[in-house]
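**Q** Sequence unavailable; structure follows:
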């Protein structure tokens, strides 16, 4: 028979995990809607509703390889106690809220990874980490924006080539419609990759506490509630980051928004089907930069990009430090 007190504590930590998922959607709503809002194809209110719908619809599209990577491929599941999970989540949540307040598009995904790394190392040392999983995630901190940038540059170059003799008004009219499709695909990729990270955390908590039996899997109720939480977070949106992503990095027209979203969606689809937990923030930023660079390198505001990259660099260590401090604090009460 399951311990009632244990069930209550686990339920509270699951609520914290879903709160992180909500904040993830809130924080990363900018990534989903920045281009479609900055090009004035949709109003902010309609754009976040559009993105939220496809965040939720992603549960019918993708496999659960990313959830498995997060659940079993970063930290030894035996170390993932209730305290470690709680501390890791708090590290990620605090860093997400700080970077939202500063208007910096940092990665919620890497904040989560950093949080669990910090909490696990504080509890059991560096031996508790699974190096292969961490190396893969760290490699894709660099790879995903570069892939997004390359595809964005390629897509925009091909569009310029095929439509070079078309009237600008005609191009604008067609790509305003097409941007609805590209925004949908990007939001689908965002929901598919990011919601699975919280699924992995909740599932490993249930597994390590004996509530899933002897085999790791992701329960249906976890899949549905995580997609619902990230969709609701997206509905509330983070306008501060929308302005950074959609207006400060480079100036976009509907055709550029289509190219950036298509490039980012392509990158996210490949990563999710491959079970790689990448940063949607890094991906869309790289894609926007690639599109801007087709005009000229000076079309990209590299000073803003430098601030964004610094936020990327500090995300994992900063959230790890916060999570480690939280674990030390709660360990005094055990």
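**A** The structure has been received and is ready for your questions. From a predicted model like this one, the values you see are computed outputs, not experimental measurements. Numbering: from 1, shown residues only.

**Q** Please identify which helix or strand holds the closest residue to residue 180 other than its chain neighbours.
**A** Nearest residue to residue 180, sequence neighbours excluded (Cβ to Cβ, 6 or more residues apart in numbering): residue 41, at 6.9 Å. Glycine gets a C-beta too; all of them are placed from N, C-alpha and C. Using DSSP states H and E, residue 41 falls within no helix or strand.

**Q** doesn't residue 256 make contact with residue 41?
**A** No. The criterion here is Cβ atoms under 8 Å, and residue 41 misses it with residue 256 at 11.5 Å.

**Q** Who has more neighbours out of the two?
**A** residue 256 (27 against 23; other Cβ atoms under 10 Å).

**Q** Just after the helix or strand where the more buried one lies, pick out the following helix or strand.
**A** Assigned by DSSP H and E, residue 256 falls within helix 254-273. Using DSSP H and E, the helix or strand that follows helix 254-273 towards the C-terminus is helix 280-293.

**Q** all helices of the stretch 1-150 of the chain, in order?
**A** 4-38, 44-57, 65-72, 82-102, 108-124, 131-162 (DSSP state H, counting those that start in this stretch).

**Q** From the chain's centroid, how far away is stretch 157-167?
**A** 32 Å (Cα atoms, centre = their mean, to the nearest Å).

**Q** What are the contacting residues of it?
**A** 171, 255, 258, 259, 294 (Cβ atoms under 8 Å, 6 or more residues apart in numbering).

**Q** For the residues you listed, which entry has the maximal number of neighbours?
**A** For those, counting by other Cβ under 10 Å, the largest number of neighbours falls to residue 259: 32 neighbours.

**Q** about what we covered before: counting neighbours, which bits of the helix holding residue 256 end up buried?
**A** Using 16 or more other Cβ atoms under 10 Å as the test for burial, helix 254-273 gives 254-269, 271-272.

**Q** Now do it against helix 280-293: the angle between them, please.
**A** In terms of direction (axes from the mean of the first three to the mean of the last three Cα atoms, to 10 degrees), helix 254-273 departs from helix 280-293 by 140 degrees.

**Q** tell me the angle of the helix or strand hosting residue 329 relative to helix 131-162?
**A** Element membership for residue 329 (DSSP H and E) is helix 302-331. If you take the same axes, to 10 degrees, helix 302-331 sits at 150 degrees to helix 131-162.
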